[in-house]
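> Everything below, folded, please.
(2 chains, ligands or ions: 2)
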Amino acid sequence: MNAATVSQLHDTRFVELSRVNKAFATKKGVFLAVQDVNLSIKKGEFVSIIGHSGCGKSTVLNLIAGLLDASSGTLICNGREIAGPGPERSVVFQNHSLLPWLTCFGNIYLAVEQVFGKKEGKERLKQRTHAALELVGLAHAADKRPNEVSGGMKQRVGIARALAMEPKVLLMDEPFGALDALTRAHLQDELIRIVGETGSTVVMVTHDVDEAVLLSDRIVMMTNGPAATVGEILDVPIPRPRKRLELADDPDYVAARKAVLDFLYQRHARPAAAA
Amino acid sequence: MKPIIETQVMRAVEAVPAAMLREARLARVREWIMAVVPPVLGLLVFAAIWQAVSLQNKAIPGPLPVWDAAVALFSKPFYVNGPNDQGIGWNILSSLQRVGLGFGLAALIGIPAGFIIGRFKFIAAMLAPIISLLRPVSPLAWLPIGLLVFKSANPASIWVIFISSIWPIILNTAAGVSQVPQDYLNVARVLNLSESKIITKVLFPAVLPHLLTGIRLSIGVAWLVIVAAEMLTGGVGIGFWVWDEWNNLNVAHIIIAIFVVGIVGLLLEQALIKLASFFDYQ
Ligand SMILES: Nc1ncnc2c1ncn2[C@@H]1O[C@H](COP(=O)(O)OP(=O)(O)OP(=O)(O)O)[C@@H](O)[C@H]1O
Ligand SMILES: [Mg+2]
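Ligands and ions are numbered 1, 2, ... in the order given. All right, here's what the predicted structure looks like:
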């Protein structure tokens, strides 16, 4: 195999999970959370993981992040086995996870310094941090502490921190879950713009069907746990850039939305709801 | 027609803020009274009981003679008449110096020890039996060991301060480290922070409030213990001074010493609470 085909292979299977199982040791014994997860993600692709609460979405995301170790199976990113967390797979946490003793600027700077500090001078690092804040429209909040800004702003700082690291893969765990509908729509639009500009590879966990369809190239639908797995993968063939208002009547959008709803509420309804 | 309505409206608008202002001012006065009157009343009741006791028991001087003695004492706080007769100021300062040294050593060793215990389960389990065995020991039980090892009173009392104030520091630091939210540690892992950066940028700031609680407790203990230790070892210091005045049967000075110890302890505590409030980022 020559170098070109190898790199092509890496691009089409940029992130690859094969036959991944994850079991947790609990007081009541071993709990198999996810079983036989197979998934490959192309470079520059936006993939959403959707499923009912507790099915194992965060588990899959944390496995890719390297924050959890798989019980068996292989996880590969950019041709290398995932052996732990690292800045090339930056994470936007569900609850923003900003360090409360650092300012918004300080939180991003810590990440930037860690990734680029060896090669670049202080001025350039500061420049990068300001650019990241600007990207999410928070230049004015640079010197505020996290507890001095709104929930939506915290989440944006979290996204800016993850993006400023220029990750190979951006991992997001329900990044907009805790926000009101207006703020969420606004941040989704911003995310569309940012991802359009940076061409990042994104894996996003969500439980919001509209969000998944609006943002994703593909939607990974998970079955219910225990031993959850990938039930179906849906392509969303809507061209980019996508405009929220124009989508409402788009037949592809309506069809994709219906397919996901059908999966979640007909074929794989929550156990309690089905009973 | 129209102007009349407008003036009426304007009057109403004006009336409301005026009433609200008066209300707010009243509330502030009430708050102030509540903050000042009860403590003053409490002190007066205390003085009255003290006076009653002193009338019953002639050996105990009442508030007024003690006050006069205190004024005399504090008018010359820094005189020196040989090694065993020095001003109250010198006695307080030398006690504070011992507390400072003993506590400083305890912090120097206790803080890193607390971090290590909080961070590494194995070491925590290793040290747990030693700590739980030694912690309940009365500080003064360590004095003979100190005298034996250091062969001199001053380092022995510093040693006692050290050993009694180290436990709150170790335990609070360790508890703080083990309670650092997993979220912050996940951030550190994703950023791939080095162990030294994890400590300075994540653990230390997260633990600081716990650490300051530990310091507050430990200085409190140190100040409690120093009086007793100095009584036993002698030299210059507030505890020794109490003992000396007991030998002179100067009860007024003993009572003054009790107040001095209390007030210095209170000031130390308040200063540390103030310090802690600077680091309260929640
Ligand atoms: N550390 C753990 N120990 C034991 N069980 C765990 C652990 N983490 C997750 N689980 C279990 O694994 C299953 C999947 O959890 P996970 O957090 O991945 O769900 P999720 O799909 O992200 O849910 P939600 O939408 O509510 O966030 C759940 O049943 C959960 O109880
Ligand atoms: Mg989750």
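> Would you map the helices across chain B?
For chain B, the helices defined by DSSP state H cover B:2-56, B:63-75, B:88-119, B:121-134, B:143-150, B:153-178, B:182-191, B:195-197, B:204-233, B:238-247, B:251-278.
> Which one of these lies nearest to ligand 1?
helix B:182-191 (9.8 Å; Cβ to the nearest ligand atom). (Each C-beta comes from the backbone N, C-alpha and C, glycine too.)
> Let me know the average pLDDT across the closest one.
For helix B:182-191, mean pLDDT rounds to 93.
> Just checking the distance from stretch B:178-188 to the centre of its chain.
Relative to its chain's centre, stretch B:178-188 lies at 30 Å (Cα atoms, centre = their mean, to the nearest Å).
> Need the winner for burial among the helices of chain B.
Among these, helix B:153-178 has the highest mean neighbour count (mean count of other Cβ atoms under 10 Å in any protein chain shown), at a mean of 24.
> what does the stretch 151-282 of chain B have sitting close to chain A?
Residues of the stretch 151-282 of chain B lying close to chain A by Cβ under 8 Å from any Cβ of the partner chain are B:183-184, B:186-187, B:189-193, B:197, B:201-202, B:205-206, B:281-282.
> Pipe the helices of chain B into a markdown table and attach distance to residue A:159 per row.
Converted to a markdown table, the helices of chain B look like this (distance: least, Cβ to Cβ, whole Å):
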| stretch | distance to residue A:159 |
| --- | --- |
| helix B:2-56 | 43 |
| helix B:63-75 | 62 |
| helix B:88-119 | 30 |
| helix B:121-134 | 34 |
| helix B:143-150 | 58 |
| helix B:153-178 | 29 |
| helix B:182-191 | 14 |
| helix B:195-197 | 23 |
| helix B:204-233 | 23 |
| helix B:238-247 | 58 |
| helix B:251-278 | 31 |
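> Quick one: closest of those helices to residue A:228.
Residue A:228 lies closest, by Cβ to Cβ, to one member of the helices of chain B: helix B:182-191, at 22.0 Å.
> Now do the closest one and helix B:204-233, the angle between them.
With axes from the mean of the first three to the mean of the last three Cα atoms, to 10 degrees defining the directions, helix B:182-191 sits at 120 degrees from helix B:204-233.
> Check which helices and strands helix B:182-191 is in contact with.
If you count contacts as 3 or more Cβ pairs under 8 Å, 6 or more residues apart in numbering or on different chains; DSSP states H and E, helix B:182-191 packs onto strand A:89-92, helix A:104-116.
> So is it next to ligand 1?
No - contact of helix B:182-191 with ligand 1 (Cβ under 6 Å from any ligand atom) is absent, the minimum separation being 9.8 Å.
> ranking the helices of chain B by mean pLDDT, which is last?
Here the helices of chain B differ in mean pLDDT, and the lowest is helix B:2-56 at a mean of 81.
> I'd say residue B:176 and residue B:205 touch.
No - look at residue B:176 against residue B:205 with Cβ atoms under 8 Å: they stay out of range, at 10.6 Å.
> And residue B:207, how close does it get to residue A:114?
Shown here: residue B:207 relative to residue A:114, a distance of 21 Å by Cβ to Cβ, to the nearest Å.
> same deal with residue A:70?
According to Cβ to Cβ, residue A:70 and residue A:114 sit 25 Å apart.
> Could you do residue B:273 as well?
From residue B:273 to residue A:114 the distance is 35 Å (Cβ to Cβ).
> same deal with residue B:159?
Distance, residue B:159 to residue A:114, by Cβ to Cβ: 43 Å.
> Residue B:255 too?
Distance from residue B:255 to residue A:114, by Cβ to Cβ: 60 Å.
> now swap in residue B:206 and tell me
Note on residue B:206: its distance to residue A:114, by Cβ to Cβ, is 18 Å.
> Likewise for residue B:87?
Counting by Cβ to Cβ, the gap from residue B:87 to residue A:114 is 56 Å.
> what do you get for residue B:245?
61 Å.
> hmm, back to that, what's the closest of the residues of the stretch 151-282 of chain B next to chain A to residue A:35?
residue B:186 (24.2 Å).
> which residues sit in contact with the closest one?
Going by Cβ atoms under 8 Å, 6 or more residues apart in numbering or on different chains, residue B:186 touches A:67, A:85, A:91, A:93, A:97.
> For the stretch 151-275 of chain A, what lies in contact range of chain B?
Residues of the stretch 151-275 of chain A lying near chain B (Cβ under 8 Å from any Cβ): residue A:165.
> Can you tell me the closest non-neighbouring residue to residue B:60?
residue B:54 (4.8 Å; Cβ to Cβ, 6 or more residues apart in numbering or on different chains).
> Let me know whether the one you found touches residue B:61 as I believe.
Yes - the pair residue B:54 / residue B:61 is scored as a contact, 6.0 Å apart, by Cβ under 8 Å.
> joint contacts of these two?
Joint contacts of residue B:54 and residue B:61 (Cβ under 8 Å, 6+ apart) do not exist.
> for the contacts of residue B:186, which one is nearest residue A:196?
Of the contacts of residue B:186, the one sitting nearest to residue A:196 (Cβ to Cβ) turns out to be residue A:91, at 21.1 Å.
> For the closest one, grab the count of nearby residues.
31 (other Cβ atoms under 10 Å in any protein chain shown).
> what's across from it in the sheet?
Beta-bridge pairing for residue A:91 (DSSP bridges): residue A:171.
> Okay, it and ligand 1: tell me how far apart.
13 Å (Cβ to the nearest ligand atom, to the nearest Å).
> what does residue A:186 give?
Distance, residue A:186 to ligand 1, using Cβ to the nearest ligand atom: 23 Å.
> give the contact list for the closest residue to that residue other than its chain neighbours.
In space, and not counting its chain neighbours, residue A:186 is closest to residue A:152: 7.7 Å by Cβ to Cβ, 6+ apart. Residue A:152 makes contacts with A:179-180, A:183, A:186-187, as judged by Cβ under 8 Å, 6+ apart.
> so can I have JSON lines of those showing secondary structure?
Shown next, in JSON lines, are the contacts of residue A:152 (DSSP: H, G, I helix; E, B strand; the rest coil):
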{"residue": "A:179", "secondary structure": "coil"}
{"residue": "A:180", "secondary structure": "coil"}
{"residue": "A:183", "secondary structure": "helix"}
{"residue": "A:186", "secondary structure": "helix"}
{"residue": "A:187", "secondary structure": "helix"}
